[in-house]
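Chemist: Just a sequence and a predicted model for now, questions to come.
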Amino acid sequence: MQKKDVIYIDVEDDITAIIGKVKAAKEKIVALVPPKRTGVLQSAVNLRLLARTADQAGKRLVLITGNSALSSLAASAKIPTAKTLQSPPRLADLPGEDVSDDEDDVIEGDKLPVGDHAGLKDEDEEEIIVPEDLEALDMDSDAKPKKAEAEPKKKSRIKVPDFGSFRKRLVLGIVGGVLLILFLVWANVVAPHATVIVSAKTSAVDINAPVTLGDSLSNDPDEQTLNTSTQTDKQTQDINFDATGSKEVGDKATGTVIFNNCQDFNSLTVQAGTYISSGGNNYIVQSTVVVPGGSGSFLGCTSAGQSAPVKVVAEDVGDSYNTAAGVQFTVAGFSSQMTATSANGITGGNSHKATVVTADDVKKALDELKQQNTDDEKKKLAAKFDGSVMVIDSSFTTDSGDPKLEPGIGEEVTSGQAKLSVTVTYSVMGVSKDALDDYLNKAINQQLGGDNSKRVYDSGASSAQFTDFLAASGKKPASVTLKATGQVGIKINDDEIKGEIEGKRSGEVIDSLKKIDGVDDVSVNLSPFWVGSIPGNPDKITIEFKLLKND
């Protein structure tokens, strides 16, 4: 009797670990005892790997199990099985070898997944007995356990119902029923809608009144105030322009003079800024000087008193103001006895004709700059408002800061053109369409004088005009003239109409509403197409008014 090694496989062992244990076995007969429901041996590939390893190592494998599914998988790998260590080894019959000619459906194990094999009970295993005992295997012989002749399978006359297909059809039927119910609810409760268009006769009411505008005012026709919002944009802009002025420019002649006093025997004072003249040219004294008194007798001045030299500057530019030394000047404000004499001459005067900037040039350039980007700025500011605001185009204004000039007014232009830089603030006002509609409704109702039989169908806000805009000045706010034409007709209550027409046919609705004073025509639109009457829910009814304007 040959010995055998018994290897107990742990649930955590993988195929590599089991192969290692088989190789390490000392005996030629190796009995593998797996735990119940082991996953690693439920793979035909793993079992073939074990069989190949045993062959290469010169060992004979026997799998100890009572599970028929595992026995079938072992048989496919040519590994015999035994129920116990004392039971004889058997090579189980391969599934599908005996195919019945019976036309009845027979569930075959080889068509089941490994998980289904695992679900088979141990007692369902079909044993094939071979003469050799596990203890009597001759490992010196190349003979392998013979496969016993399989007993013929009994024909099964029982049809197994396909519960998966039945379950699928059941679920689809339930889902279809729910969807049908939902569609019927939607089609008969949610979807139905009616739009009733009432053509009403109206008359025009004109609004033409001044309105005060402001970002913090209320919409009050009594106070004639309208709340607005303002958008601004500040831009620093430059413009080059041609200078048109001309004048003589150059240097003024300068020099020194000495004052001679024979006017009085006492000293006299000549103030700075005093004019002295010679040959029709004027010169200006630059500093105050004291001129000593002259000497002589009652018969007259025999020796004039003389001052220290004092600087003078020509009144204008030009070489005509240049003088030689010793030229005598008269002194404004004094008698002819007070004179001035140039010490070393007055020189340095020169001039030429130049183009200069005038005040009129600056005004024209500033006006041109204001108009330069007006249209673009209007569009830019208007885009800052959202669609709920009506822009008051006439409120567009520009405010210029102090301009900067290069060169200044009266100065010579040497580079061909002068340059003007100025910061301009653009602004425009807008009014909420809802606020304007509310204001005009109130204003029209004021004109109606509380007549409850009339209703404002159109305030005229969509076509309102703003003219004669006056920008804010000091404490005075901006103002504008508001013009609009509203439409007023007989008062028809929407809720009362809805209550009257609920559940009625289109013809009944038209006949009923045409009887109302001021109603000219009625049309009814039902949707979807299968709806035949007005819905019973007032929320599903829309009343629209078509105005027949009577100007």
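Modeler: That came through, no problem. Residues are numbered from 1 along each chain as shown.
Chemist: any idea how this structure splits into domains?
Modeler: 4-136, 161-190, 247-350 (automatic domain parsing).
Chemist: how far is the second one from where the chain is centred?
Modeler: Its chain's average C-alpha position is 44 Å from that of domain 161-190, according to C-alpha atoms, centre = their mean, to the nearest Å.
Chemist: Which helix runs longest in this structure?
Modeler: Using DSSP state H, we find that the single longest helix of the chain is helix 163-185.
Chemist: same question for it, mean pLDDT?
Modeler: For helix 163-185, mean pLDDT rounds to 88.
Chemist: what about whichever helix or strand comes after it, distance to the chain center?
Modeler: The helix or strand immediately downstream of helix 163-185 is strand 193-214, counting by DSSP states H and E. Centre-to-centre, strand 193-214 and its host chain are 35 Å apart (C-alpha atoms, centre = their mean).
Chemist: What is the burial count for residue 231?
Modeler: 17 (other C-beta atoms under 10 Å). For every residue, glycine as well, the C-beta is placed using N, CA and C.
Chemist: Return the set of residues that bridge with it.
Modeler: residue 428 (DSSP bridges).
Chemist: Spit out the contact partners of it.
Modeler: Contact analysis of residue 231 by C-beta atoms under 8 Å, 6 or more residues apart in numbering lists 381-382, 384-385, 427-428, 430.
Chemist: Give me the buried subset of those.
Modeler: 381, 385, 427-428, 430 (16 or more other C-beta atoms under 10 Å).
Chemist: Of those residues, which pair is most distant in space?
Modeler: Greatest spatial distance in the buried ones among the contacts of residue 231: 385 and 427, 12.5 Å, computed using C-beta to C-beta.
Chemist: Next, the contact list for residue 364, please.
Modeler: With C-beta under 8 Å, 6+ apart, residue 364 has these contacts: residue 241.
Chemist: Can you list the residue ranges for strands in the stretch 351-500 of the chain?
Modeler: 389-400, 404-406, 418-432, 454-458, 465-470, 479-490 (DSSP state E, counting those that start in this stretch).
Chemist: Output these in TSV; the columns should cover mean pLDDT and distance to residue 546.
Modeler: Below are these laid out as TSV (pLDDT from 0 to 100; distance: least, C-beta to C-beta, whole Å):
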stretch	mean pLDDT	distance to residue 546
strand 389-400	88	24
strand 404-406	84	61
strand 418-432	88	26
strand 454-458	86	10
strand 465-470	92	24
strand 479-490	90	11
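Chemist: Quick check: which of those strands is nearest to residue 525?
Modeler: strand 454-458 (19.9 Å).
Chemist: before we move on, the earlier item: just so I know, which of the strands of the stretch 351-500 of the chain lies nearest residue 368?
Modeler: Per C-beta to C-beta, nearest to residue 368 of the strands of the stretch 351-500 of the chain: strand 418-432, 9.1 Å.
Chemist: And the strands in the stretch 51-200 of the chain?
Modeler: 60-64, 81-82, 193-214.
Chemist: Any chance of CSV for the ones you listed, columns mean neighbour count, distance to residue 22 and mean pLDDT?
Modeler: Output for those, formatted as CSV (neighbours: other C-beta atoms under 10 Å; distance: least, C-beta to C-beta, whole Å; pLDDT from 0 to 100):
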stretch, mean neighbour count, distance to residue 22, mean pLDDT
strand 60-64, 24, 7, 86
strand 81-82, 24, 16, 88
strand 193-214, 17, 79, 89
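Chemist: can you redo those strands as a markdown table with distance to residue 352?
Modeler: Formatted as a markdown table, these follow (distance: least, C-beta to C-beta, whole Å):
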| stretch | distance to residue 352 |
| --- | --- |
| strand 60-64 | 125 |
| strand 81-82 | 129 |
| strand 193-214 | 56 |
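Chemist: To residue 449, which of those strands lies closest?
Modeler: Once the strands of the stretch 51-200 of the chain are compared by C-beta to C-beta, strand 193-214 is nearest, at 11.6 Å.
Chemist: The closest one pairs with which strands?
Modeler: Here strand 193-214 has these sheet partners by DSSP bridges: strand 225-227 (parallel), strand 479-490 (antiparallel), strand 519-527 (antiparallel), strand 541-550 (parallel).
Chemist: residues in contact with residue 384?
Modeler: residue 231.
Chemist: Turn the strands of the stretch 351-500 of the chain into CSV, columns for distance to residue 163.
Modeler: CSV is the format used below for those (distance: least, C-beta to C-beta, whole Å):
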stretch, distance to residue 163
strand 389-400, 68
strand 404-406, 94
strand 418-432, 68
strand 454-458, 69
strand 465-470, 80
strand 479-490, 72
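Chemist: So for residue 195, which of the ones you listed sits nearest?
Modeler: Across those, closest to residue 195 is strand 454-458 (C-beta to C-beta), at 17.1 Å.
Chemist: got the angle between the closest one and strand 479-490?
Modeler: Here strand 454-458 points in a direction 120 degrees away from that of strand 479-490 (axes from the mean of the first three to the mean of the last three C-alpha atoms, to 10 degrees).
Chemist: can I get the CA coordinates of strand 454-458 in CSV?
Modeler: Coordinates of each C-alpha in strand 454-458 appear next as CSV, following Å, rounded to 0.1, in the frame of the first residue of the first chain:
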residue,chain,number,x,y,z
LYS,A,454,-63.8,102.2,-17.5
ARG,A,455,-60.6,100.3,-17.7
VAL,A,456,-57.1,101.2,-19.0
TYR,A,457,-56.2,98.5,-21.6
ASP,A,458,-53.0,100.1,-22.8
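Chemist: Check the offset of it from the chain's centre.
Modeler: Worked out by C-alpha atoms, centre = their mean, strand 454-458 lies 39 Å from the chain centre.
Chemist: Stretch 230-242 now?
Modeler: With C-alpha atoms, centre = their mean, you get 29 Å for stretch 230-242.
Chemist: which secondary element of this structure has the worst mean pLDDT?
Modeler: helix 114-118 (a mean of 39; mean pLDDT, DSSP states H and E).
Chemist: Surely residue 522 and residue 508 touch.
Modeler: No - here residue 522 does not reach residue 508: they are 11.0 Å apart, not a contact under C-beta atoms under 8 Å.
Chemist: show me where the stretch 301-450 of the chain has helices.
Modeler: Listed in chain order, the helices of the stretch 301-450 of the chain (DSSP state H, counting those that start in this stretch) span 359-372, 374-383, 433-448.
Chemist: Now do the SS call for residue 12.
Modeler: coil (DSSP: H, G, I helix; E, B strand; the rest coil).
Chemist: so what's residue 194 bridging to?
Modeler: Going by DSSP bridges, residue 194 forms beta bridges with residue 526, residue 541.
Chemist: Likewise for residue 419?
Modeler: residue 240, residue 406.
Chemist: Contacts only, for it.
Modeler: Residue 419 neighbours (C-beta under 8 Å, 6+ apart): 238-241, 405-406.
Chemist: Next: residue 46.
Modeler: Counted by C-beta under 8 Å, 6+ apart, residue 46 has contacts 15, 40.
Chemist: Likewise for residue 211?
Modeler: So residue 211 contacts 224-226, 479-482 (C-beta under 8 Å, 6+ apart).
Chemist: Quickly name whichever of the residues you listed is closest to residue 287.
Modeler: Nearest to residue 287 among those, with distances taken as C-beta to C-beta, is residue 479, at 59.7 Å.
Chemist: my read: that closest one touches residue 212, true?
Modeler: Yes - between residue 479 and residue 212 there is a contact under C-beta under 8 Å: 5.2 Å.
Chemist: so where's the chain uncertain?
Modeler: Residue ranges of the chain with pLDDT under 70: 1-2, 37-38, 94-162, 370, 372-373, 550-551.
Chemist: The residue lying farthest from the centre of it and residue 237, how far apart?
Modeler: Here the chain reaches farthest from its C-alpha mean at residue 299, the gap being 103.6 Å by C-alpha atoms, centre = their mean. Relative to residue 237, residue 299 is positioned 77 Å away (C-beta to C-beta, to the nearest Å).
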